[in-house]
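Asker: Structure for this input, please:
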Amino acid sequence: MRIVAGTHKGRKIKPPNNLNVRPTTDRAKEALLNIINNRYLFEKKTMLDLFSGTGNISLEFASRGVENVVAVDHNSKCIEFITTTAKEFGFDISTVISDGFKYAQNCKKQFDFIFIDPPYNYNYYQEIKEMIIKKDLVKKNGLLIIEHNKDTVFGDDVEVRKYGAVHFSIFTF
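Answerer: Numbering: from 1, shown residues only. Purely as a prediction, here's the structure:
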């Protein structure tokens, strides 16, 4: 894994082998971030990364200039890795040990970008999407991006990008 663009372009991310995660591939991450980069400036934006795992996405957004990133994961080893890496890279990433769904349920802050990447066998994709919309957690003109496999479908009113086994559903507000 590596940072694809921004201030830390090319820098390697080396998570411990004992993390039980499935990081977004560099190819898929680069394609997604290029799409976003063509639509938005990253500076002065906020980002919430739910089910953040290695923090791969949080680190990428921070490298591209997002000023406030919140990374949420239930695994304390993941959070420890993100915290350590963010400090090493000089990024302002706040980390929270929590289940992504529960965090979103209790969240009262809006974000420009929300990225959700639970395990592919996650049973609550629709519920978390609907809750985020109902709670108005995405700022006007912001994005909700959900990473999933081919078996998850959100309907016709969503932009879907496919990169091998990785699918991104992109909701614009």
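
Asker: What strand or helix carries the residue sitting nearest the centre point of the chain?
Answerer: Most central residue of the chain, judged by C-alpha distance to the mean C-alpha position with C-alpha atoms, centre = their mean, is Phe115 at 3.3 Å. Taking DSSP states H and E as the criterion, Phe115 maps to strand 111-116.

Asker: Pull out the buried residues from the very next helix or strand once past that strand.
Answerer: Using DSSP H and E, the helix or strand that follows strand 111-116 in sequence is helix 125-134. Buried residues in helix 125-134, defined by neighbour count with 16 or more other C-beta atoms under 10 Å: Tyr125, Ile128, Lys129, Ile132. Backbone N, C-alpha and C define where each C-beta goes, glycine included.

Asker: same deal with stretch 64-71?
Answerer: Arg64, Val66, Asn68, Val69, Val70, Ala71.

Asker: May I ask you to name the longest helix in the protein?
Answerer: If you go by DSSP state H, the chain has its longest helix at helix 76-89.

Asker: ok, and what's touching that one?
Answerer: 8, 11, 13, 15-16, 18-19, 21, 52-55, 58-59, 62-63, 71, 73, 92-93, 95-97 (C-beta atoms under 8 Å, 6 or more residues apart in numbering).
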